[in-house]
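Undergrad: can you look at this prediction? I've put the sequence above it.
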Amino acid sequence: MPSATTLAEPRPTVADFHRVNRGGGLFSESISQWIGAAFALAAQRLGLRPTALTLTNLVLGLAASITVVALADDVAAGTVPAWAVGLLALVAWQIAYALDCADGQLARVTGQGSAAGARIDVLCDVAAQIALVAAIGATAVAQRPSTPVWLVAVFAGTWMVNLVTSVMQSGPNAASMVTSTSLPVRLVKLVRDYGAVIFVAGLVLAFAPALALWVMVAFTVVNGGFLLASIAFSARASLR
């Protein structure tokens with residue numbers, strides 16, 4: 001007769017959770033998804049549901065971004081050290097993103113995925129990224145009051161291109177303009193790797209907040225260019 005040990009299913013490991021990750025880019029897969037896998041394992045041991053990780057991600061991301069917005073003028077005036085606010089945001093955003101990676105891993109490994117869970121995940125991502133954009137925009141305006149309003153608006157609009165296209169690429173009609181997985185290509189794609197982007201944003205806020213304006217310009221160009229390229233790619237495919 002088999003023993004209880006034989007009948008028991010093997011407990012998942014960090015590697016098991018990481019194995020089911022949905023990518024995200026070189027930085028995300030090498031760092032964020034691994035941290036997420038550790039969070040997913042801990043959540044599984046504690047009996048938490050994926051949505052608990054999703055909501056924790058939202059609260060942490062919002063708290064960090066709201067703190068940056070609230071202290072933007074004080075940082076610009078020099079009454080609050082930029083490094084303290086920036087490093088707080090950098091760490092909090094990275095942990096929040098790792099939790100965002102973890103909720104999907106937990107759902108897939110434990111079979112707890114659902115349509116409602118997928119919806120709340122996307123909605124929380126939207127809310128967290130709106131707050132992140134507000135934090136970068138508030139810093140840019142506090143550092144340079146002459147920052148054009150239209151630039152902040154275009155930056156905010158084009159930022160969401162990354163999230164929208166990520167959601168679109170997860171469905172049955174997913175397609176990629178660049179299918180190569182070579183290291184040079186993956187390095188170039190870091191400009192759209194969310195984990196890498198928020199890492200850079202946190203470093204700028206901590207050590208060079210005056211460059212926040214140029215962060216907005218850079219990502220407006222990158223995301224706006226990707227939007228136009230995606231429209232052309234999809235139009236060409238639809239006309240074949």
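TA: Received it, and whenever you're ready, just let me know what you need.

Undergrad: residue contacts, Ala40?
TA: By CB atoms under 8 Å, 6 or more residues apart in numbering, Ala40 lies in contact with Phe17, Leu53, Ala102, Asp103, Gln105, Leu106, Val109. For the C-beta atoms, the positions are set from N, CA and C on the backbone; glycine is no exception.

Undergrad: show me which of those residues is closest to Thr165.
TA: The nearest member of the contacts of Ala40 to Thr165, counting by CB to CB, is Asp103 at 20.2 Å.

Undergrad: which strands or helices does the helix or strand the closest one falls within pack on?
TA: Per DSSP states H and E, Asp103 falls inside helix 82-110. Counting by 3 or more CB pairs under 8 Å, 6 or more residues apart in numbering; DSSP states H and E, the packing neighbours recorded for helix 82-110 are helix 14-19, helix 33-46, helix 50-77, helix 115-143, helix 194-207.

Undergrad: tell me how far that helix lies from the chain's centre.
TA: What separates the centre of helix 82-110 from the centre of its chain is 8 Å, taken as CA atoms, centre = their mean, to the nearest Å.

Undergrad: confidence score at the residue positioned nearest the centre of the chain?
TA: For the chain, the residue nearest the mean C-alpha position is Tyr194 (4.2 Å; CA atoms, centre = their mean). Here the pLDDT value assigned to Tyr194 is 93.

Undergrad: and Ala40, by the same measure?
TA: In this model, Ala40 carries a pLDDT of 97.

Undergrad: ditto for the one 5 residues further on
TA: Predicted confidence (pLDDT) at Arg45: the value is 95.

Undergrad: hmm, back to that, can you list the buried residues in the helix holding Asp103?
TA: Neighbour counts over helix 82-110 (16 or more other CB atoms under 10 Å) mark 82, 85-90, 92-109 as buried.

Undergrad: now swap in stretch 157-164 and tell me
TA: Buried residues in stretch 157-164, counted by 16+ other CB under 10 Å: Thr158, Trp159, Val161, Asn162, Leu163.

Undergrad: which of those lies closest to Gly117?
TA: Leu163 (17.4 Å).

Undergrad: circling back to that earlier point, just put the contacts of Ala40 in TSV and tack on distance to Ala142.
TA: TSV is the format used below for the contacts of Ala40 (distance: CB to CB, whole Å):
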residue	distance to Ala142
Phe17	40
Leu53	32
Ala102	33
Asp103	33
Gln105	37
Leu106	38
Val109	43
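
Undergrad: circling back to that earlier point, ok, which of the helices and strands packed on helix 82-110 comes nearest Met216?
TA: Using CB to CB, the helices and strands packed on helix 82-110 put helix 115-143 closest to Met216, at 5.5 Å.

Undergrad: show me what whichever helix or strand comes after the closest one is packed up against.
TA: Reading on from helix 115-143 to the C-terminus, the next helix or strand found by DSSP H and E is helix 149-168. The contact analysis (3+ CB pairs under 8 Å, 6+ apart) places helix 149-168 against helix 115-143, helix 212-238.
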